[in-house]
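**Q** Any chance you can model this:
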Amino acid sequence: MRSLRQCLLGLSLTVLLPLGVAGCAQGVVTTTQQQDLVDRSTLALQEMLGSSQSKDLVGTLRSARAVIICPQVFKAGVVIGGSGGSCVLMGRAAAGSWSDPAFYSLGSGSFGPQIGVQDAELMIMIMNDRALTAVMNDRFKLGGDASFSAASIGAGVGGATTTAMRADIVTFAKTRGLYAGASIEGSVLSADPKGNAAYYGKPYSAPEVAVQMLANNPGANPLRQTLSTYGG
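**A** Numbers count the residues shown, from 1 in each chain. The predicted structure follows:
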């Protein structure tokens, strides 16, 4: 019989290797892949906003300058761990409407006592222009800049909306699975210009999509509508 360590190591590799291959591959990104991410982001958003913590979540979203949605972030490891996933970033205009999505990837790694596998739906709310400008750099390390305050919304967090209103970046994660050991901090958000080019037919930058709102793909309308419905 295989040991627990062997089973978890095999499962960790099964989860992490595709992420590594995706991160290193130089192949062409297809519109179908990006539309799948947009559709999964819509479903994840609807699921998170319908959770038991949705009151605080919706209240914070209504004040957000932008939002990042990662419909499936994997975290796995035995001693050596890592996490990763694909995300979309959407900005809010002054009139309240939401942009089409700019594409991003999220990844991190760690070393130390840890064991398990977990996946999560992640929502990162960016509360002001200063934080949005920093996030839209090519690579932004979450928690890596002490000048930006952060807060999280989750079960048992009292006064979450008040806390979030004072933060630059607010996160909410809906997790499944079990993970024991060192937490993974310092996840890096990286812009995905190939994803933008594939989805819009032009090499738009993240600011051109999320701030200037130059790009449009009707396939993102359900996601924009969901944000408009809940995010005001």
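
**Q** Helices of the protein, residue ranges please.
**A** Taking DSSP state H as the test, the helices found in the chain are 4-24, 31-49, 54-61, 129-135, 160-165, 193-200, 206-210, 221-231.

**Q** Where does the prediction get shaky in this structure?
**A** 1-30, 51-53, 74-84, 108-119, 138, 143-147, 153-165, 176-186 (pLDDT under 70).

**Q** gap between Ser228 and Asn221?
**A** Distance, Ser228 to Asn221, using CB to CB, to the nearest Å: 10 Å. From N, CA and C alone the C-beta is placed, and that goes for glycine too.

**Q** again but with Ala93, I slipped
**A** For Ala93, the distance to Asn221 - CB to CB - is 15 Å.

**Q** Settle it for me: which of these two has more neighbours?
**A** More crowded of Ala93 and Asn221, by other CB atoms under 10 Å: Asn221, with 13 against 10.

**Q** For burial, what's the neighbour tally of the spatially closest residue to Lys202 that is not a sequence neighbour?
**A** Excluding its sequence neighbours, the residue lying closest to Lys202 (CB to CB, 6 or more residues apart in numbering) is Ala215, at 7.3 Å. Using other CB under 10 Å, Ala215 has 20 neighbouring residues.

**Q** May I ask you to confirm that Ala215 is in contact with Ser205?
**A** No. In this structure, Ala215 is not within contact of Ser205 by CB atoms under 8 Å, at 9.7 Å.

**Q** Mutual contacts of those two, please.
**A** Shared contacts of Ala215 and Ser205 (CB atoms under 8 Å, 6 or more residues apart in numbering): Asn196.

**Q** Tally up the residues packed near Pro218, please.
**A** Neighbours of Pro218 using other CB under 10 Å come to 8.

**Q** Would you quantify the distance from Asp36 to Ala150?
**A** Distance from Asp36 to Ala150, by CB to CB: 29 Å.

**Q** nope, Leu49 is what I was after
**A** In terms of CB to CB, Leu49 sits 21 Å off from Ala150.

**Q** Mind checking which of those two has more residues around it?
**A** Leu49 (20 against 15).

**Q** Ignoring the adjacent residues along the chain, who's closest to that one?
**A** Of all residues beyond its chain neighbours, the one nearest Leu49 is Tyr230 (5.0 Å), with distances taken as CB to CB, 6+ apart.

**Q** Can you report how many residues lie near that neighbour?
**A** 17.

**Q** is it true that it touches Glu47?
**A** No. Tyr230 is not in contact with Glu47 according to CB under 8 Å; the separation is 11.9 Å.
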